[in-house]
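1. missing the sequence, but the structure's below:
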């Protein structure tokens with residue numbers, strides 16, 4: 001039979017898991033009356049305080065838990081998150097670093113440190129932590145966080161990988177290895193449907209132990225000089241961004257010719273396209289899952305530096321690349337969870353068979369304040385209807401190589417009608433950079 005303390009803890013956990021935070025906090029505090037200073041219960045009170053926005057109070061609770069148990073990794077991590085929420089980035093850096101010292105395999109702490117060091121302008125340290133998240137996802141020291149993607153596949157994904165191996169084989173001395181991989185992946189693809197499914201032991205054996213890992217990573221060092229073009233038209237761009245109630249503007253020649261060629265080479269040759277289940281017909285890569293490289297971090301840093309009035313207050317919060325695997329692959333209507341988004345394309349124009357389409361449509365009409373974004377799949381139909389309703393008030397940007405679209409992340413947007421030629425090098429590749437968080441954007445004050 002459970003003791004009174006155990007029963008109160010069980011009640012608190014049940015409330016907590018069900019999202020009844022007020023009841024959970026009350027039950028945790030009742031438990032503390034029976035066991036004062038219990039580090040796990042004190043920690044959980046801090047978690048609830050942070051969830052309710054009481055970050056200063058949460059830090060005090062985490063400090064008390066750490067005082068009782070100095071190597072309490074979760075308390076250190078949640079303390080760092082609370083410090084970051086309060087804007088105390090340098091203190092958060094120290095706390096996240098302490099987490100990694102206690103638990104070198106703490107994925108979330110390494111990920112947070114990657115973004116924080118990038119925000120501080122220390123690309124080298126940021127890259128070190130993104131390399132660690134990649135190792136924890138797909139390296140020899142993998143933690144299981146990406147285990148499903150290492151044992152599942154879809155036909156599109158396997159065919160893409162086979163095409164990539166053939167592409168790499170033409171550029172490597174160990175050509176035979178990649179040609180063999182291409183044949184094996186192509187053979188397995190014939191028995192896999194065009195949706196994500198678990199692979200059989202026989203199929204996994206045929207693919208090999210390194211399926212969906214960093215089989216080949218192309219070198220992408222920083223460029224001497226600039227990777228992003230200087231913007232003598234910066235003031236005009238910002239004026240166009242701000243000329244309406246909501247900001248959205250497109251511009252060409254984002255990257256220097258050297259930067260564009262090097263980034264495209266990295267994206268074509270590197271086996272970093274691990275995500276195949278987020279959106280049908282696409283493969284994707286994320287900063288913490290293979291996309292991070294010295295060149296891309298240089299590009300991100302230079303973009304932020306080129307637009308200090310707009311991006312200076314907003315550090316990078318995520319970056320990804322999406323590759324369409326079919327001629328008409330398009331990303332459906334959605335909004336981004338950030339303050340400012342930058343979307344740009346790197347596939348050559350010759351691959352686009354619809355020069356007036358294939359780009360991006362951004363609705364300049366903001367969503368209603370009460371609109372609750374539930375998720376990509378859940379909101380697609382409603383958002384599409386909203387875009388159709390306000391079609392005359394949208395910014396329509398045709399696809400162009402090295403063209404960028406800069407817009408408020410809360411604005412609904414979707415791909416234009418796409419028609420790209422077949423062939424591995426012709427896949428439409430777009431990169432998205434997210435800066436800041438929606439609640440922090442300076443332009444919110446004008447619409448409340």
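-> Done, it's in. The structure presented is a predicted model; accordingly, all values stated were derived computationally and were not measured.
2. rest of the way, CA atoms for contacts and neighbours
-> OK.
3. Go ahead and confirm residue 151 touches residue 198.
-> Yes - in terms of Cα atoms under 8 Å, residue 151 counts as a neighbour of residue 198; the distance is 6.0 Å.
4. So which elements touch the lowest-mean-pLDDT helix or strand in the chain?
-> Among the helical and strand segments of the chain, the one scoring lowest on mean pLDDT, DSSP states H and E is helix 376-389, with a mean of 76. If you count contacts as 3 or more Cα pairs under 8 Å, 6 or more residues apart in numbering; DSSP states H and E, helix 376-389 packs onto no helix or strand.
5. what comes up buried for that helix?
-> Within helix 376-389, the residues that count as buried by 16 or more other Cα atoms under 10 Å are 376, 379-380, 383-384, 386-387.
6. Need those in JSON lines (columns: distance to residue 181).
-> Conversion of those to JSON lines gives the following (distance: Cα to Cα, whole Å):
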{"residue": "376", "distance to residue 181": "34"}
{"residue": "379", "distance to residue 181": "39"}
{"residue": "380", "distance to residue 181": "37"}
{"residue": "383", "distance to residue 181": "41"}
{"residue": "384", "distance to residue 181": "41"}
{"residue": "386", "distance to residue 181": "45"}
{"residue": "387", "distance to residue 181": "44"}
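7. May I ask which helix or strand encompasses residue 432?
-> Secondary structure here is read from DSSP states H and E; on that basis residue 432 sits in strand 429-435.
8. cool, and residue 344?
-> Assigned by DSSP H and E, residue 344 belongs to strand 340-345.
9. Return the mean pLDDT over the next helix-or-strand element following that strand, rounded to an integer.
-> On the C-terminal side of strand 340-345, the closest following helix or strand by DSSP H and E is strand 360-363. Averaging pLDDT along strand 360-363 yields 94.
10. Strand 360-363 packs against which elements?
-> With contacts defined as 3+ Cα pairs under 8 Å, 6+ apart, strand 360-363 has these neighbours: strand 394-397, strand 413-415.
11. most neighbours per residue, which of the ones you listed?
-> Per residue and on average, the most neighbours among the helices and strands packed on strand 360-363 fall to strand 413-415, with a mean of 22 (mean count of other Cα atoms under 10 Å).
12. Over to residue 224. Which of the three states is it?
-> With DSSP: H, G, I helix; E, B strand; the rest coil as the basis, residue 224 sits in coil.
13. pLDDT score assigned to it?
-> As summarised for this prediction, residue 224 has a pLDDT of 94.
14. Repeat that for the one 10 residues further on.
-> Per-residue confidence for residue 234 comes out at a pLDDT of 95.
15. For residue 68, give me phi and psi.
-> phi -80, psi -30 (degrees, to the nearest 10).
16. Is it correct that it is in contact with residue 39?
-> Yes - the pair residue 68 and residue 39 qualifies as a contact (Cα under 8 Å) at a distance of 6.2 Å.
17. which residues do these two both contact?
-> With Cα atoms under 8 Å, 6 or more residues apart in numbering applied, the contact sets of residue 68 and residue 39 do not overlap.
18. Look at the two and report which has more neighbours.
-> Counted by other Cα atoms under 10 Å, residue 68 and residue 39 do not tie: residue 39 has more neighbours, with 22 against 15.
19. Without its sequence neighbours, what residue ends up closest to that one?
-> Closest residue to residue 39 in three dimensions, ignoring its sequence neighbours and counting by Cα to Cα, 6 or more residues apart in numbering: residue 65, at 4.4 Å.
20. Wasn't that neighbour part of a strand?
-> No - when classified by three-state DSSP, residue 65 is found to be helix rather than part of a strand.
21. Sort out which residues of stretch 141-156 are buried, please.
-> Here stretch 141-156 shows 142-143, 146, 149-156 as buried, counting by 16+ other Cα under 10 Å.
22. Quick check: mean pLDDT of it?
-> Per-residue confidence for stretch 141-156 averages out to 94 on the pLDDT scale.
23. Centre of the chain to that stretch, how far?
-> Shown here is stretch 141-156, whose average C-alpha point lies 17 Å from the average C-alpha point of the whole chain (Cα atoms, centre = their mean, to the nearest Å).
24. and residue 117, which of the helices and strands packed on strand 360-363 is closest to it?
-> Residue 117 sits nearest to strand 413-415 of all these, at 29.9 Å, using Cα to Cα.
25. Residues in contact with that closest one: which ones?
-> Contacts of strand 413-415 (Cα under 8 Å, 6+ apart): 330-335, 358-363, 387.
26. can the residues you listed go into TSV with extra columns for distance to residue 298?
-> TSV is the format used below for these (distance: Cα to Cα, whole Å):
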residue	distance to residue 298
330	28
331	27
332	30
333	30
334	28
335	26
358	27
359	25
360	25
361	28
362	27
363	30
387	35
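27. So which of these is the closest to residue 53?
-> Set against residue 53, the nearest of those by Cα to Cα is residue 335 (24.0 Å).
28. Apart from its chain neighbours, what residue comes closest to the closest one?
-> For residue 335, the spatially nearest residue (Cα to Cα, 6+ apart) is residue 412, at 4.7 Å.
29. Summarise which helices and strands the helix or strand containing residue 320 is packed against.
-> Using DSSP H and E, residue 320 falls within strand 316-324. When contacts are defined as 3+ Cα pairs under 8 Å, 6+ apart, strand 316-324 packs onto helix 107-119, strand 282-286, strand 429-435.
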